[in-house]
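Asks: Curious how this folds, go ahead:
(chains A and B)
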Amino acid sequence: DVKVTQSSRYLVKRTGEKVFLECVQDMDHENMFWYRQDPGLGLRLIYFSYDVKMKEKGDIPEGYSVSREKKERFSLILESASTNQTSMYLCASRGAWRTYSYEQYFGPGTRLTVT
Amino acid sequence: KNQVEQSPQSLIILEGKNCTLQCNYTVSPFSNLRWYKQDTGRGPVSLTIMTFSENTKSNRRYTATLDADTKQSSLHITASQLSDSASYICVVSAWMDSSYKLIFGSGTRLLVRP
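Replies: Numbers count the residues shown, from 1 in each chain, chains lettered A, B, ... in the order given. Have a look, this model is predicted:
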């Protein structure tokens, strides 16, 4: 079974703090993603990475950065947390296009509250 | 604009009853359509995935249909159980701007009552 794990289930941070969210997958997937999920808005893509040290902006990258130093690990960084970044953050991973279903697997999520 | 719209936003049914959730999309060009189940406080888990050539797919008590001509999909849940209480998310994927993109609906929140 594919496993995508996230470092924290719940996190409370203060405005202005630097926040690191970690994600690890164990299926040797090339592609990894960070989303945020807010009520009524669905999942929105923040950043994704298709290879080590590679990163691409998603739909809402402002206020975030990412790091992918190893294939299995993808980190989301909030350089200076703000209250409007309070949200559920979901990490996902996906194999290469050659796999038929091109299935995307999600982690359990991190609920971040910025006060 | 590429969009995925789901209805209803929320639904309450009694245990043992059937229900149908709807998904309309305007995404083009279409690659495939997935339904995910998301329990409260958890990440989404895939239920079904369909390409444009498939018009129905079942996974236990879940049956998804797809009409690529009208750009509509539905998820039918048979003999609902309390554990079916969750959000159900419709996701359409397409190749756009040389990359593979997923467009998410905002979900239908289902509550099954005893």
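Asks: In contact with B:Leu82, which residues?
Replies: B:15, B:112, B:114 (CB atoms under 8 Å, 6 or more residues apart in numbering or on different chains). For the C-beta atoms, the positions are set from N, CA and C on the backbone; glycine is no exception.
Asks: which residues sit in contact with B:Glu5?
Replies: Contacts of B:Glu5 (CB under 8 Å, 6+ apart): B:23-25, B:105.
Asks: Save the residues you listed as CSV, and put in neighbour count and pLDDT too.
Replies: Below are those laid out as CSV (neighbours: other CB atoms under 10 Å in any protein chain shown; pLDDT from 0 to 100):
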residue, neighbour count, pLDDT
B:Cys23, 25, 97
B:Asn24, 16, 97
B:Tyr25, 23, 95
B:Gly105, 25, 94
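Asks: Can you report how many residues neighbour the nearest residue to B:Arg61 once chain neighbours are set aside?
Replies: Nearest non-adjacent residue to B:Arg61, counting by CB to CB, 6 or more residues apart in numbering or on different chains: B:Thr78, 4.6 Å away. Counted with other CB atoms under 10 Å in any protein chain shown, residues neighbouring B:Thr78 total 14.
Asks: cool, and A:Glu17?
Replies: 13.
Asks: What of B:Thr63?
Replies: 17.
Asks: count of residues packed around the closest residue to A:Asp26 other than its chain neighbours?
Replies: Residue nearest to A:Asp26 in three dimensions, not counting chain neighbours: A:Lys3, with 4.8 Å by CB to CB, 6+ apart. Neighbourhood size, A:Lys3 [other CB under 10 Å]: 11.
Asks: Which residues are in contact with A:Lys3?
Replies: A:25-27.
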